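Trainee: need a structure here:
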Amino acid sequence: MGIERHHSPRLLLRGGLVIDTAPHPVVHPHTDVLVEEGRIAAVGRGLPFDEGDTGLEVIDARERIVLPGFVDTHRHLWQAVLRSAAVDESLDSYLGRILGDLSGRFTPADVYTGNLLGALECLDTGVTTVQDFSHVQYTPEHSAAAVEALEEAGIRAVFGYGYPVFDDTARRADWVRQVRTRYFPSGEALLTMALAPVGPSFAPPETVREDWLLARELGLPIAVHVTAGPVAMRPITALQEQGLLTSGTLYVHGNSLPDSELRLIAESGGAVAITPAIEASMRFGAPMAGRLRRAGIPTGLGADAVTSAPGDMFSQMRAALMSSHFDGDGDGEPDGPTVKAADVLRMATAEGAETLGLADEVGSLGIGKRADLVLLRTDALNLAPVAHDPIGAVVTAAHPGNIDTVLVDGHPVKRDGQLLYGELGSVLSEAHRAVERLGASRS
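Mentor: So this is what the prediction gives:
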């Protein structure tokens, strides 16, 4: 039993403190938002409505912040059942234990549980769109489980079909084609697909070429981890030399890349997903937010791996904002341009949607956009009084406990602070059983 979707084709959010995020974050006090058939139909003060209209549900938003749902541009949802399993571990340890050992033990049922738990966590914390970089596709059954869990959760997602890092036998183009045909036919849907190959930083050129041509054949965008080495020290240049540098590619991390590589990303129409909490804890390199702003590259935020970092977007926004003040050369100034709270909120919403190719659909409150929305309680102690700087308050003071309502496609998936998922207890129980089967617990 999935999210309980009560049929409310028309909703009016009345009198909220509305924050739109495009083209730049701006605050609109005492403002209404009208939702019709899953899309934003009007935004403004005192929108007219008929109190006798039984087809219209009115939600009192006078003590609420209303903003677009958060967009997580890089997360491994299957790892939700391994939450906090690698908090104090290095990147090498994470790769060996999580991706090398535990990943190979995952059954399709474990993947289903991880993806469902992770997707529900996203919705509960206001993430309405997620890019699921799913590098656990050991069999077609694993892929089916991952996608079916996303469908069950009712989240908007880009399913990134990824190959297991340490199992070359699972790198099967025919399996990718099967998933593309079975689950992602053309047309409007909550779920879309991308290819998430190993990429030029870690794979030989001939493998990279095969993967990029497969994505081109299937009409899929690419999401890929990039770093300087160990295979290609200049991975973006390597793609350019093979004629594979194309627009719409989402590069993840990139902390060790020189500015010349970032310029190639910008010139080619690419985007970058950063995960500042993980990048700091696993020492990927200097923070990226300021450098990417200077390079003019669309930037999204992501939680990456809840094995080692928090899974809510408030934590990622704070990590991005605070780490942007990093002074690596010791000259007393940040290494990149000043990053402000409004910039970070935009990364978590409109700019994140742009990096996933979904800017026409979500990420802001433009008329006609899908009604993916989050309402925060302003009468909470950690937010009151919110009048000084609502944008700054969302970024620096809010937390998941402030979330009152979440809408996806105009349908409430959380109301009055409660996730509307009918079998949540069963999901949690199955997550505990998965930990026992995987032998992942250290207690």
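Trainee: for the helix or strand in which L67 is found, the distance to its chain's centre please.
Mentor: Here L67 sits within strand 64-68, counting by DSSP states H and E. Distance of strand 64-68 from the chain centroid (CA atoms, centre = their mean, to the nearest Å) equals 18 Å.
Trainee: ok, now which ones touch the residue of the chain most remote from its centre?
Mentor: Farthest-out residue of the chain from its mean C-alpha position, per CA atoms, centre = their mean: G52, at 39.5 Å. Neighbour list for G52: empty [criterion: CB atoms under 8 Å, 6 or more residues apart in numbering]. Glycine gets a C-beta too; all of them are placed from N, C-alpha and C.
Trainee: any idea whether it is helix, strand or coil?
Mentor: Recorded secondary structure, G52: coil (DSSP: H, G, I helix; E, B strand; the rest coil).
Trainee: Where does pLDDT dip in the stretch 51-200 of the chain?
Mentor: Applying pLDDT under 70 to the stretch 51-200 of the chain flags residues 187.
Trainee: can you map out the strands along it?
Mentor: Taking DSSP state E, counting those that start in this stretch, the strands of the stretch 51-200 of the chain run over residues 56-60, 64-68, 70-75, 127-134, 156-162, 191-196.
Trainee: now for the ones you listed, which one comes closest to A22?
Mentor: Smallest distance to A22 across those (CB to CB): 8.5 Å, for strand 64-68.
Trainee: Remind me what the closest one packs against, helices and strands.
Mentor: Strand 64-68 is packed against strand 10-20, strand 373-377, helix 390-396, with contacts defined by 3 or more CB pairs under 8 Å, 6 or more residues apart in numbering; DSSP states H and E.
Trainee: Same list, the strands of the stretch 51-200 of the chain, but as CSV with mean neighbour count and distance to A109 please.
Mentor: As requested, the strands of the stretch 51-200 of the chain are exported to CSV (neighbours: other CB atoms under 10 Å; distance: least, CB to CB, whole Å):
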stretch, mean neighbour count, distance to A109
strand 56-60, 16, 38
strand 64-68, 26, 34
strand 70-75, 30, 20
strand 127-134, 29, 15
strand 156-162, 27, 18
strand 191-196, 22, 20
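Trainee: Same list, those strands, but as TSV with distance to A289 please.
Mentor: As requested, the strands of the stretch 51-200 of the chain are arranged in TSV below (distance: least, CB to CB, whole Å):
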stretch	distance to A289
strand 56-60	34
strand 64-68	19
strand 70-75	13
strand 127-134	18
strand 156-162	22
strand 191-196	23
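Trainee: what's the closest of the ones you listed to D331?
Mentor: Using CB to CB, the nearest of the strands of the stretch 51-200 of the chain to D331 is strand 70-75, at 30.8 Å.
Trainee: now that closest one against strand 191-196, angle please.
Mentor: For strand 70-75 against strand 191-196, the angle by axes from the mean of the first three to the mean of the last three CA atoms, to 10 degrees is 30 degrees.
Trainee: Show me what strand 70-75 is packed against.
Mentor: helix 108-124, strand 127-134, strand 250-253, strand 299-301, helix 313-323, helix 350-355.
Trainee: So what touches it?
Mentor: Applying CB under 8 Å, 6+ apart, the contact partners of strand 70-75 are 118, 122, 125-133, 223, 250, 252, 273, 275, 300-306, 311, 313, 316, 348-349, 352-353, 355-356, 358, 362-363, 374.
Trainee: The strands of the stretch 51-200 of the chain: which one's closest to P140?
Mentor: Comparing the strands of the stretch 51-200 of the chain by CB to CB, strand 156-162 comes nearest, at 11.0 Å.
Trainee: hang on, the earlier thing: now the helices and strands packed on strand 70-75 as CSV including distance to R75?
Mentor: Formatted as CSV, the helices and strands packed on strand 70-75 follow (distance: least, CB to CB, whole Å):
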stretch, distance to R75
helix 108-124, 7
strand 127-134, 6
strand 250-253, 11
strand 299-301, 10
helix 313-323, 10
helix 350-355, 12
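Trainee: low-scoring stretches of the stretch 251-400 of the chain, by residue?
Mentor: 327-330, 332, 335-336.
Trainee: Would it be right to say that A309 lies in a helix?
Mentor: No: looking at A309 with three-state DSSP, it is coil, so not inside a helix.
Trainee: With adjacent residues omitted, what lies nearest to it?
Mentor: Using CB to CB, 6 or more residues apart in numbering and skipping residues adjacent in sequence, the residue nearest A309 is A277, 3.9 Å away.
Trainee: Need the winner for burial among the helices and strands packed on strand 64-68.
Mentor: Mean neighbour count (mean count of other CB atoms under 10 Å) peaks for strand 373-377 among the helices and strands packed on strand 64-68, with a mean of 26.
Trainee: helices and strands around that strand, which ones?
Mentor: If contacts are counted by 3+ CB pairs under 8 Å, 6+ apart, strand 373-377 sits against strand 10-20, strand 64-68, strand 403-408.
Trainee: Look up how far V406 lies from the nearest residue to V395 once chain neighbours are set aside.
Mentor: Nearest residue to V395, sequence neighbours excluded (CB to CB, 6+ apart): A341, at 4.1 Å. Separation of A341 from V406 (CB to CB, to the nearest Å): 22 Å.
Trainee: repeat for G357
Mentor: G357 is 23 Å from V406, where distance means CB to CB.
Trainee: Have a look at the two and say which one is more surrounded.
Mentor: Neighbour count, other CB atoms under 10 Å: between G357 and V406, V406 has more, with 26 against 16.
Trainee: Now do the SS call for the closest residue to the more buried one other than its chain neighbours.
Mentor: Excluding the flanking residues, the one nearest V406 by CB to CB, 6+ apart is K414, at 4.0 Å. Reduced to three states with three-state DSSP, the structure at K414 is strand.
Trainee: Just list whatever residues bridge to K414.
Mentor: Beta-bridge pairing for K414 (DSSP bridges): V406, L419.
Trainee: isn't V362 right next to V158, touching?
Mentor: No: applying CB atoms under 8 Å as the test, V362 and V158 come out as separate, 11.2 Å apart.
Trainee: shared neighbours of the two, anything?
Mentor: Common neighbours of V362 and V158, counting by CB under 8 Å, 6+ apart, are T129.
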